[in-house]
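J.: next input, structure requested:
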Amino acid sequence: MHPASPPPDRNGLNALFRNRAFLALWTGQLLAQVADKIFYVLLIILLKTGDYTPGQNFENSMLSAVMIAYTVPAIVFGSVAGIAVDRFPKKQMLMGCNVIRALLIAAMPFLPKAFVVLLVITFLVSTVTQFFAPAEAAAIPLAVGREGLMSANALFASSTMGGIIVGMTIGEPLFTWIKHSYGGGSREFLLAGLYVISAGLIYAMRIKETHVGSSVKNIHPWQDFKEGLRYLKHNRLVSNAMVQLTILYSVFAALQVLAIALSGKIGLKETQFGFLLAAAGVGMVFGAAFLGHWGDRVYNKPLPLIGFLMMGFVLAMFAFTRQLWLGFSLSALFGFGASLINGPMQALIQEQTPESMRGKVFGFENNAINIALSLPLAITGPLTDAVGKAVGSDDLGLRIVLLSLGCLVPVMGLVAWRHTRHVLQDVV
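T.: Model (predicted):
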């Protein structure tokens, strides 16, 4: 899979790093991504300290409730957010989302230490975040132009993974230091400050939008929703590319669960599974560099199919891996394969979608991806436990699940790619 025509020579990473608008958008979203994950860590810390829980007997139930409040907006408001993005300037939308999240979090020390307050803040912050994601995706083509889409999306994907890893890694040590040095309430102000800095970076972004919705009075959510669905129904190129991205994130979510048990098999502690995911992030960075420098030479190759084959191979090999160096190497290869799917497919969607429809399309994409992330997270763990119990060995159960995924992923990728390939032949 590939964009419909070869990009010019101006699409390399060097060109992106000379693009001030892109740098402002990229660094701003990276900082917001780190802040999102630090906020997630803060929620767990606040529950563990007992400030927002009535007692230890309710801790697990409260944690589950907060996680639901954190994830439900991603599923419910994804499409609605996309409709709003098409009606307002992308830059103002991105800045507004960051400022609102900063204000909500900064208000926490002044609000009652009641669990319902934490639940409401979590829900509101997560809801605002759903407007940030499609606005960011719709702003990328405005910042880089058609020629830099593949490189830009590959770099965004790798930095997103990096932001997740950094946020989850530094969150707890950072909050511990802040609490001991400046007091508990300072944690919320630090986190709010990260969102404010992100808003400032995005403010420096200079982009020109040729389409912005006429006014708030003319918003017709249901009509816009149906218009987006019709567009995806008739544009099979975009919808099939979205299917491949959904498969990609489903596989990534499954790996997040399996990495916990897998890390214990290759010489790490199970609590150190983040290092295994970090190796995948490194692989995505190399993938971004590959697409940035050689994307114009391989644009006509079935990159997503190659990516799915790589990911399937890695999952199957994980079933027999017991060496730490090999585990890290395979994880990096997994990330490299993922970048071959995400970069070209995201670039293809942005290239083929008119500016007036990008918000709706990316809203639907955000919705589909969040569902794709949620289902494997809920199913993979219990499935692995059930298989292990059935065969009488947790280790064997893990191997069976990994081998099954290793066979299933290339098949799903092949089916999705063949459908999109036929559409491409009609387009070009």
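J.: for this structure, name the helix or strand with the lowest mean pLDDT.
T.: Every helix and strand in the chain was compared by mean pLDDT, DSSP states H and E; the lowest is helix 221-234, with a mean of 69.
J.: would you map the strands across the protein?
T.: Ranges of strands within the chain: none, based on DSSP state E.
J.: from Phe364, how far out is Asn233?
T.: Small correction: residue 233 is Lys, not Asn. Distance, Lys233 to Phe364, by Cβ to Cβ, to the nearest Å: 11 Å. Where C-beta positions appear, they are placed from N, C-alpha and C, glycine not excepted.
J.: can you pull the contacts of the nearest residue to Lys37 once chain neighbours are set aside?
T.: Excluding its sequence neighbours, the residue lying closest to Lys37 (Cβ to Cβ, 6 or more residues apart in numbering) is Gly167, at 2.6 Å. Contacts here follow Cβ atoms under 8 Å, 6 or more residues apart in numbering; on that basis Gly167 touches 33-38, 40-41.
J.: and of the residues you listed, the nearest to Ile306?
T.: For those, the residue nearest Ile306 by Cβ to Cβ is Gln33; the value is 26.9 Å.
J.: about what we covered before: filter the contacts of Gly167 down to the ones in helices?
T.: The helices, defined by DSSP state H, take in 33-38, 40-41 from the contacts of Gly167.
J.: which PyMOL command selects the buried ones in these?
T.: Of the ones in helices among the contacts of Gly167, the buried ones go into a single PyMOL selection, burial set by 16 or more other Cβ atoms under 10 Å:
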select buried, resi 33+34+35+36+37+38+40+41
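J.: could I get the ones in helices among the contacts of Gly167 as JSON lines with pLDDT and distance to Lys179?
T.: Below are those laid out as JSON lines (pLDDT from 0 to 100; distance: Cβ to Cβ, whole Å):
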{"residue": "Gln33", "pLDDT": "88", "distance to Lys179": "23"}
{"residue": "Val34", "pLDDT": "90", "distance to Lys179": "19"}
{"residue": "Ala35", "pLDDT": "92", "distance to Lys179": "18"}
{"residue": "Asp36", "pLDDT": "90", "distance to Lys179": "20"}
{"residue": "Lys37", "pLDDT": "84", "distance to Lys179": "18"}
{"residue": "Ile38", "pLDDT": "87", "distance to Lys179": "14"}
{"residue": "Tyr40", "pLDDT": "81", "distance to Lys179": "17"}
{"residue": "Val41", "pLDDT": "80", "distance to Lys179": "13"}
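J.: okay, now the unreliable bits of the stretch 301-428 of the chain?
T.: 373-374, 377-378, 419-428 (pLDDT under 70).
J.: would you list every one of the helices in it?
T.: Applying DSSP state H, counting those that start in this stretch to the stretch 301-428 of the chain gives helices spanning 303-318, 324-352, 358-391, 394-427.
J.: for Ala74, find the nearest of those.
T.: The nearest among the helices of the stretch 301-428 of the chain, by Cβ to Cβ, is helix 358-391 at 3.7 Å.
J.: then stretch 241-251 to CSV, C-alphas only?
T.: C-alpha atoms of stretch 241-251 as CSV (Å, rounded to 0.1, in the frame of the first residue of the first chain):
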residue,chain,number,x,y,z
ALA,A,241,-6.8,2.2,4.9
MET,A,242,-8.7,2.9,8.1
VAL,A,243,-9.3,-0.8,8.5
GLN,A,244,-5.6,-1.5,8.3
LEU,A,245,-4.9,1.1,11.0
THR,A,246,-7.6,-0.4,13.2
ILE,A,247,-6.0,-3.9,12.8
LEU,A,248,-2.6,-2.4,13.6
TYR,A,249,-3.7,-0.8,16.9
SER,A,250,-5.6,-3.9,17.9
VAL,A,251,-2.3,-5.9,17.6
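J.: quick revisit: next, find the distance separating the residue nearest to Lys37 from Val41.
T.: Distance from Gly167 to Val41, counting by Cβ to Cβ: 7 Å.
J.: quick one: low-confidence parts of the stretch 101-250 of the chain?
T.: Using pLDDT under 70, the stretch 101-250 of the chain drops low at 161, 168-169, 183-185, 210-228.
J.: quick revisit: from the contacts of Gly167, pick the one nearest Gly413.
T.: The nearest member of the contacts of Gly167 to Gly413, counting by Cβ to Cβ, is Gln33 at 26.2 Å.
J.: can you count the residues close to the residue lying closest to the closest one once chain neighbours are set aside?
T.: Excluding the flanking residues, the one nearest Gln33 by Cβ to Cβ, 6+ apart is Gly163, at 3.2 Å. Number of residues near Gly163 (other Cβ atoms under 10 Å) recorded here: 21.
J.: from Val120, how far off is the closest residue to Phe320 other than its chain neighbours?
T.: Computed as Cβ to Cβ, 6+ apart, the closest residue to Phe320 that is not its neighbour in sequence is Arg399, at 7.4 Å. Note on Arg399: its distance to Val120, by Cβ to Cβ, is 44 Å.
J.: between the two, which is the more surrounded one?
T.: Taking other Cβ under 10 Å, Arg399 and Val120 do not tie; Arg399 has more neighbours (19 against 14).
J.: reformat the helices of the stretch 301-428 of the chain as JSON lines; add distance to Phe252.
T.: Formatted as JSON lines, those follow (distance: least, Cβ to Cβ, whole Å):
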{"stretch": "helix 303-318", "distance to Phe252": "9"}
{"stretch": "helix 324-352", "distance to Phe252": "7"}
{"stretch": "helix 358-391", "distance to Phe252": "8"}
{"stretch": "helix 394-427", "distance to Phe252": "11"}
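J.: all good on my end, thank you.
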